[in-house]
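>>> prediction below, plus the sequence it came from.
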Protein chains: 2
Amino acid sequence: MAGKINIKELAKYLNLSIATVSKALRDSYEISEQTKKKVLEAAEKLNYTPNPHASSLRKRKSKTIAVILPEVADNFFSLAINGIQSIAGDKGYHLLIYLSHEKFENEKAIVEECKSGRVDGVLISISSETTDAEHIKKLQAENIPVVFFDREFENIKAAKVITNDYECGQAAAEHLLKNGSKHPVFLSISSSLPICNKRAEGFSSVLINHGIFHKDSILYCDVDTEKMRKQIKKIISKESGIDAIVTSVERVAMQVYLTCHEKNIKIPEDLKVIAFSTLETAPILSPPLTTITQPAFEIGKKAAEILFKSIEKSNYDLASDLIIIPSKLIERTSTKKVRNKQSA
Amino acid sequence: MAGKINIKELAKYLNLSIATVSKALRDSYEISEQTKKKVLEAAEKLNYTPNPHASSLRKRKSKTIAVILPEVADNFFSLAINGIQSIAGDKGYHLLIYLSHEKFENEKAIVEECKSGRVDGVLISISSETTDAEHIKKLQAENIPVVFFDREFENIKAAKVITNDYECGQAAAEHLLKNGSKHPVFLSISSSLPICNKRAEGFSSVLINHGIFHKDSILYCDVDTEKMRKQIKKIISKESGIDAIVTSVERVAMQVYLTCHEKNIKIPEDLKVIAFSTLETAPILSPPLTTITQPAFEIGKKAAEILFKSIEKSNYDLASDLIIIPSKLIERTSTKKVRNKQSA
DNA sequence: TATTTACTCGAAAACGTTTTCGCAAATAAA
DNA sequence: TTTATTTGCGAAAACGTTTTCGAGTAAATA
């Protein structure tokens, strides 16, 4: 009745050996249907639940995966977690969530933890500070499968599930130019994150083709909200001459909007904004925000799928997997063409 | 070098016993400083990381807690996770995240899992379907500490960290009446969730005092987005006579706004909206959304704090803890008084 | 010198599983 | 009947720790 009955006591109760009980519970062919039934019933009756640590220790499998994220209060990552969970839940896997808070040191410590055998695999979206993949390589050296999602690391042989960042950067630029922008900028949060760089490069390529690229076409801001805010204030001021912004990640878009509201800068008249973001509130913002919406759920789901493929068959080679799931540009008011706008 | 060295091999390398190495690593007083240093160095050099399952098995402590949530793509829960993580991270605890997706059956299965000894404690925000606490009581019977946060269960002796829902329900009603609403309704997602009921009761009490309460002052909608959407469409149609809505949770607010935009219903002229929500985008919505903002981060943090208090000293009695952290009403445009509004 | 006392360390028994192997008994084949 | 084969089960050895207890040595006290 009350707490913590183990397999030994269950065996004693049934007048069977521990081995037999264990096998019966795992539905082994070695055990007759009759005794299997008895064991199951007794287990139910005595409220027996196997100890997962003992099991993990013996089997060298934890039925647990780690998900390492920069943060969780970001719609993209929330949706990705949902995608991951949709697969992990079905497979009976447990989800250990770790937050790096965009700090490389944290990420390293977390990855270190994952080497201990606590988890069977790792899904990771790297921090904006991460420029070195040694920690990940050590993980792989311990034969722990790793799948990058969204925020990958370029110089490493590993499975990755990402979106078509370069093309989307281009699409953003083209969209802005088409709608009358003369001086658009791309606002990045990292000079090392591939998602930022590829988006920026796609963006730049279009500007170059139009002969309007210059060194300030790509700007960088801090991940710290306060600092980011200050930098944004400068950028959006009318003196800057900038008439459109592409925000590299969701948090930046939020801050740009908040700052514009505060400073009374009109979108899209004074400034056009297009955001890489999965914000659900995009259509009801003031004004509705044009987004490049990543397939966050699908990315998480796919990443989990290939991770499990690798966990389940050890011969499966992860390293070759590179999955690209395209994003969608959703046009809304924040980038609308303004007819009677006098040039800046 | 490569993979998986255990304490036995480390001991052999050092010419020491397993016991000594183990104690040295845990900084036991029994071991001399000299050998401690040697052990630490060797551990570092050989890249030794102790196996957590073996340790958990032996110590009957997993250094892991479970966080059970209805969903994660909700700002409240994301922030709560941050709060929880801020404490758990410091203490070196691991976070196992489970999603019930608002289904009681899921929740039950998850709680069942937690009984196995996998976790040292449980933080839970119950699903909207949950009306029975037997599963939680079984958990407590196994001596696993449980702390409810936000979405508690009333008929159970357990620690809880919540916000002042009743007063906020009142505040919402008063705010709406003050700003000219004649027929406000409260839009709930559950007739069992205390957070919904208390908010609704506070709301009702004010309407009763004003003699304008009637049976349709509290309305219920489904948690399923599609169904919710249809129900909202009816409610906000001008024929309904309703001129203000209090949304019980964030997701409902989202759908109300989306539907209003779609149906071209003007906020606050045609309909005032006030939302129980921690949406960061509230101030930049169209129009800015008046919210009752819960201290999500603090609730998560406090819940984690008292959970650890109970985990760390087994004599600490959780059952008596009831912590109430107040929410804040933040007035924005969506509930603004409309001067020249002809009565409906 | 004899006896405590403190200081380091090691042997071995847990913790609760899973799995290998072997052993009977029962059945099938020869 | 003898020889294989199958079926159902149990003993015991892992898995990698932590912890109890005792033992040996060196230092301190009597």
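Good, I have the coordinates.
>>> show the pLDDT at the residue nearest to residue A:51 when sequence neighbours are not counted.
Nearest residue to residue A:51 in three dimensions, chain neighbours excluded: residue B:117, at 5.2 Å (Cβ to Cβ, 6 or more residues apart in numbering or on different chains). Backbone N, C-alpha and C define where each C-beta goes, glycine included. Per-residue pLDDT puts residue B:117 at 93.
>>> how about the strands in the stretch 101-250 of chain A?
Secondary structure of the stretch 101-250 of chain A (DSSP state E, counting those that start in this stretch): strands at A:121-124, A:146-149, A:159-162, A:184-188, A:218-220, A:244-247.
>>> mind checking how far the spatially closest residue to residue A:63 that is not a sequence neighbour is from DNA strand C?
The shortest distance from residue A:63 to any non-neighbouring residue, by Cβ to Cβ, 6+ apart, is to residue A:93 (5.5 Å). Distance from residue A:93 to DNA strand C, counting by Cβ to the nearest atom of the strand, to the nearest Å: 16 Å.
>>> next one: residue A:93 from residue A:307, what distance?
Distance of residue A:93 to residue A:307, computed by Cβ to Cβ, to the nearest Å: 9 Å.
>>> same thing with residue A:269?
Residue A:269 is 46 Å from residue A:307, by Cβ to Cβ.
>>> cool, residue A:117 as well?
Distance of residue A:117 to residue A:307, given as Cβ to Cβ: 16 Å.
>>> between these two, who's got more neighbours?
When neighbours are counted by other Cβ atoms under 10 Å in any protein chain shown, residue A:307 comes out ahead of the other of residue A:117 and residue A:307, with 28 against 22.
>>> quick one: the more buried one and residue A:67 touch, right?
No. Counting by Cβ atoms under 8 Å, residue A:307 does not reach residue A:67; the two are 9.9 Å apart.
>>> overlap in contacts of these two?
Contact criterion Cβ atoms under 8 Å, 6 or more residues apart in numbering or on different chains; residues shared by residue A:307 and residue A:67: A:122-123.
>>> contacts for stretch A:303-315?
Residues outside stretch A:303-315 that contact it (Cβ under 8 Å, 6+ apart): A:65, A:80, A:83-84, A:86-88, A:91, A:93, A:120-123, A:145, A:147-149, A:159, A:161, A:316-318, A:321, A:323.
>>> at 6 Å what do you get?
With contacts defined as Cβ atoms under 6 Å, 6 or more residues apart in numbering or on different chains, stretch A:303-315 is touched by A:84, A:87-88, A:91, A:120-121, A:123, A:145, A:147, A:149, A:159, A:161, A:316, A:318, A:321.
>>> for stretch A:326-340, same thing?
Applying Cβ under 6 Å, 6+ apart, the set of residues contacting stretch A:326-340 is A:163-164, A:168, A:171, A:179-180, A:267-269, A:272-274, A:287-294.
>>> can you tell me which of those residues are in strands?
Members of the contacts of stretch A:326-340 lying in strands (criterion: DSSP state E): A:272-274, A:290-293.
>>> scan the residues you listed and report the most crowded one.
Highest neighbour count within the ones in strands among the contacts of stretch A:326-340: residue A:274, with 31 neighbours (other Cβ under 10 Å).
>>> who are the contact partners of that one?
Applying Cβ under 6 Å, 6+ apart, we find residue A:274 in contact with A:172, A:246, A:290, A:335.
>>> can you list the residues of the stretch 201-344 of chain A near chain B?
Selection of the stretch 201-344 of chain A residues close to chain B by Cβ under 6 Å from any Cβ of the partner chain yields A:257, A:261, A:281, A:284-286.
>>> I am finished for the moment; much appreciated.
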